[in-house]
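Student: The following comprises the amino acid sequence and a computationally predicted model.
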Amino acid sequence: MTNTAFKRTTLALGLALMAPLAAWSQVSISVGIAPPPLPYYAQPPIPGDGYLWTPGYWAWDAANNDYVWVPGTWVQPPGIGLLWTPGYWGFLNGGYGWHHGYWGAQVGYYGGINYGYGYGGHGYAGGRWDAGHFRYNTAVNNIPQGRVHDVYRGSVTPRATHAESFTGGASHYHTAPTASERRFEGAQHNEPTHEQAEHETRAISMPEQRMGNNHGMPQTAATQHPGGFGEPQVEHARAAPQMRGNPGGHGAGGRPEGDHR
């Protein structure tokens, strides 16, 4: 990344962090090129208790006029009781607008997109807070046996999975927000953590993560920790047939096979 591009990215990040908390659910950028399809990848094993899964997404790199894949990763939330609402691209008035993800007391609207691993389009089925501790659903998470003890196995209703990474327009995803999601979208939220922001900045600085170089198959599709691009548990993008299987077809300690984003 050039010095000018780095300053541009840093300035944009700084302005975003200064914005009101409620603005994280609003469109922050609009481009005329559709984001690439979501790549298929396996979820790395959870690194330890207290981490929550955040799906990967395509970010826009204005300096290189290209999309960049920001890997899915396990993140420690900024507070007890908070859940992650993923960001999403939405088609409107001839452009594709990016709605930032945010932390809040519930999961809001994220375009109805099936990101997998508990994010099937509405809400989150990967776990829940209980008396100040997070309980993990092993039906949709890669939880090695013995690493996390507060777990359960809850059934998850299979939802239609499409390759598109945006809602509206030519996408299969056209689900409107519920009344509850709409109200929560306008409430105050916590912005992404510093580790999440650095994770995106690191991805943007890596040429191999750009769509123009990886053609939709990013070298690093998911990481165990934010910024952990060189860690042993890095997951690469896979061909779709390799990830097919029964939804939730893995147990505690197993690798997800069906919930494949």
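Tutor: In hand now; what should we look at? Numbering: from 1, shown residues only.
Student: What sits closest to Pro36 if chain neighbours are left out?
Tutor: When the adjacent residues along the chain are set aside, Pro36 lies closest to Gly216, with 4.8 Å between them (C-beta to C-beta, 6 or more residues apart in numbering). For the C-beta atoms, the positions are set from N, CA and C on the backbone; glycine is no exception.
Student: So the one you found versus Phe166, what's the distance?
Tutor: Per C-beta to C-beta, to the nearest Å, Gly216 is found 14 Å from Phe166.
Student: Just want to know which of those two has more residues nearby.
Tutor: Taking Gly216 and Phe166 together and counting by other C-beta atoms under 10 Å, Phe166 has the greater number of neighbours (23 against 14).
Student: In contact with the residue nearest to that one when sequence neighbours are not counted, which residues?
Tutor: The spatial neighbour of Phe166 that comes closest, neighbours along the chain excluded (C-beta to C-beta, 6+ apart), is Trp89 at 3.7 Å. Contacts here follow C-beta atoms under 8 Å, 6 or more residues apart in numbering; on that basis Trp89 touches 35, 58, 96-99, 111, 165-167.
Student: Where does pLDDT dip in the chain?
Tutor: Residues of the chain meeting the criterion pLDDT under 70: 1-26, 241-261.
Student: how about 80 then?
Tutor: Across the chain, residues meeting the criterion (pLDDT under 80) sit at 1-28, 240-261.
Student: any chance you could map the helices in it?
Tutor: Counting by DSSP state H, the segments of the chain that form helices are 3-18, 179-185, 194-204, 211-214.
Student: and the spatially most central residue of the chain, backbone torsions?
Tutor: Per C-alpha atoms, centre = their mean, the C-alpha nearest to the average position across the chain is that of Pro55, at 2.3 Å. The main-chain torsion angles of Pro55 are listed as degrees, to the nearest 10 and equal phi -70, psi 160.
Student: how far away is it from Asp150?
Tutor: According to C-beta to C-beta, Pro55 stands 22 Å off from Asp150.
Student: And Pro39, by the same measure?
Tutor: Applying C-beta to C-beta, the value for Pro39 to Asp150 is 31 Å.
Student: Who has more neighbours out of those two?
Tutor: Between Pro39 and Asp150, counted using other C-beta under 10 Å, the more crowded position is Pro39 (26 against 12).
Student: ok, and the closest non-adjacent residue to that one?
Tutor: Excluding the flanking residues, the one nearest Pro39 by C-beta to C-beta, 6+ apart is Ala237, at 3.9 Å.
Student: same check, this time on Thr167
Tutor: The shortest distance from Thr167 to any residue other than its chain neighbours is 3.6 Å, reached at Gly111 (C-beta to C-beta, 6+ apart).
Student: Can you measure across stretch 86-106, start residue to end residue?
Tutor: Looking at stretch 86-106, the gap from its leading to its trailing residue is 12 Å under the measure C-alpha to C-alpha, to the nearest Å.
Student: what's the answer for stretch 150-166, then?
Tutor: Taking C-alpha to C-alpha as the criterion, the two ends of stretch 150-166 lie 34 Å apart.
Student: now stretch 214-223
Tutor: Across stretch 214-223, first to last residue, C-alpha to C-alpha, it's 17 Å.
Student: who touches the residue nearest to Pro39 in this structure?
Tutor: Taking C-beta under 8 Å, 6+ apart as the criterion, Ala237 is in contact with 39-41, 214, 216-219, 221.
Student: Many thanks, I have nothing further to ask.
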